[in-house]
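In: build me a model from this:
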Amino acid sequence: MSKSAVLGFRCWDISDNKLQAAATGTIWKSGINVAYCNRNQHFSPNTDCDCGLNSFFSLPCEDDIHNTSDNYIWGAIAGKGEAQVHELGTRVEEAIIIGLYSPSASPYQKSRIARIAET
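Out: The predicted model follows:
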């Protein structure tokens, strides 16, 4: 583990006009998001746990993005602090959302994305 700055990509579920991590249910907010571990009460990320803010090194291929449900949105994050590097991406201590992407969004979905981006 090391202190790093990373660019990563991830997918969220849109729930009540908020971005929710699909795997954990954690709500992401505007500004800095800080990882925490509910199970073991330690700093995140931790080598003995799967806690931390996850991201991929790259977006999936365009076909996979277009096949994503309308309830999901892709985006880019800037991560910093403690970081773990894995085969497909990283887990970091802190991250901020720097962009959102949904190529096949309906007009309704685009308005939801705009509301999320404003908060």
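
In: could you export stretch 5-20 as CSV, CA atoms only?
Out: Output in CSV follows, covering the C-alpha atoms of stretch 5-20 (Å, rounded to 0.1, in the frame of the first residue of the first chain):
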residue,chain,number,x,y,z
ALA,A,5,-3.1,10.0,-6.7
VAL,A,6,-5.1,7.9,-9.2
LEU,A,7,-7.6,8.4,-12.0
GLY,A,8,-10.2,5.6,-12.0
PHE,A,9,-13.6,4.7,-13.6
ARG,A,10,-16.6,3.2,-11.9
CYS,A,11,-20.3,2.6,-12.2
TRP,A,12,-23.0,3.7,-9.7
ASP,A,13,-26.7,2.9,-9.3
ILE,A,14,-28.9,5.9,-9.4
SER,A,15,-31.2,5.8,-6.4
ASP,A,16,-33.4,8.7,-5.3
ASN,A,17,-31.3,11.0,-7.5
LYS,A,18,-28.1,9.9,-5.6
LEU,A,19,-25.2,7.9,-6.7
GLN,A,20,-25.1,4.6,-4.9
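
In: would you mark the buried spots in that stretch?
Out: Using 16 or more other C-beta atoms under 10 Å as the test for burial, stretch 5-20 gives 6, 8-12, 14, 19-20. Just so you know, the C-beta spots here come from the backbone N, C-alpha and C atoms, and that holds for glycine as well.

In: other SSEs contacting the strand or helix carrying C11?
Out: Element membership for C11 (DSSP states H and E) is strand 2-15. The contact analysis (3 or more C-beta pairs under 8 Å, 6 or more residues apart in numbering; DSSP states H and E) places strand 2-15 against strand 18-21, strand 53-56, strand 72-85, strand 89-101, helix 107-118.

In: any idea how far that strand is from the chain center?
Out: 4 Å (C-alpha atoms, centre = their mean, to the nearest Å).

In: how close does G52 sit to V92?
Out: 6 Å (C-beta to C-beta, to the nearest Å).
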